[in-house]
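Engineer: Would you be able to build a 3D model of this:
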Amino acid sequence: GFPRTLGQAEALDRICELDLVISLNIPFETLKDRLSARWVHPASGRVYNMDFNPPHVQGIDDLTGEPLVQREDDKPEAVAARLRKYKDAAKPVIELYKSRGILHSFSGTETNKIWPYVYTLLSSKIPPILSDEEN
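Structural biologist: Numbering: from 1, shown residues only. Sure, this is the predicted structure:
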């Protein structure tokens, strides 16, 4: 997500005025498991997730047959450290947007269960785009 730090939030304030901020509250273990299951094909940047978007052959890129790698920062120990650091850095950002009354938080572990609530919020804030036939 962005902004991740108070400094980034302040820089963002200088270029635009936010009227809506979404915070997704996902349990630490869920995030750690998802990030730790991520593998990439270095040459193309294709990303696989061993839980919900695995390659056809484990450890092999679907298109090239080349080996996949797990980035050092996606290994479980590194993910846990990244998440702890993120939580500490993001807390003042969350408090800033909460104090402005523009923070909307959603909690859960599954995208398909959280998304309808996020979609409803966004739909209430953003007018629908009409096709040429509808205009």
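
Engineer: Confidence-wise, which helix or strand of the chain is lowest on average?
Structural biologist: helix 28-36 (a mean of 89; mean pLDDT, DSSP states H and E).

Engineer: After that helix, which helix or strand is next?
Structural biologist: strand 38-40 (DSSP states H and E).

Engineer: and that following strand, average pLDDT?
Structural biologist: For strand 38-40, mean pLDDT rounds to 95.

Engineer: just stretch 88-97 next, same as before
Structural biologist: 95.

Engineer: Tell me the buried residues in the lengthiest helix in the chain?
Structural biologist: Of all segments of type helix in the chain, defined using DSSP state H, the longest is helix 76-99. Neighbour counts over helix 76-99 (16 or more other Cβ atoms under 10 Å) mark 79-80, 83, 90, 93-94, 96-97 as buried. Just so you know, the C-beta spots here come from the backbone N, C-alpha and C atoms, and that holds for glycine as well.

Engineer: now stretch 92-104, how far from the centre of its chain.
Structural biologist: Put simply, stretch 92-104 sits 18 Å off its chain's centre (Cα atoms, centre = their mean, to the nearest Å).

Engineer: isn't residue 80 right up against residue 32?
Structural biologist: Yes. In terms of Cβ atoms under 8 Å, residue 80 counts as a neighbour of residue 32; the distance is 5.8 Å.

Engineer: overlap in contacts of those two?
Structural biologist: Shared contacts of residue 80 and residue 32 (Cβ atoms under 8 Å, 6 or more residues apart in numbering): none.

Engineer: Quick one: neighbours of residue 54, just the number.
Structural biologist: 14 (other Cβ atoms under 10 Å).

Engineer: contacting residues for it?
Structural biologist: The contact partners of residue 54, by Cβ under 8 Å, 6+ apart, come to residue 48.
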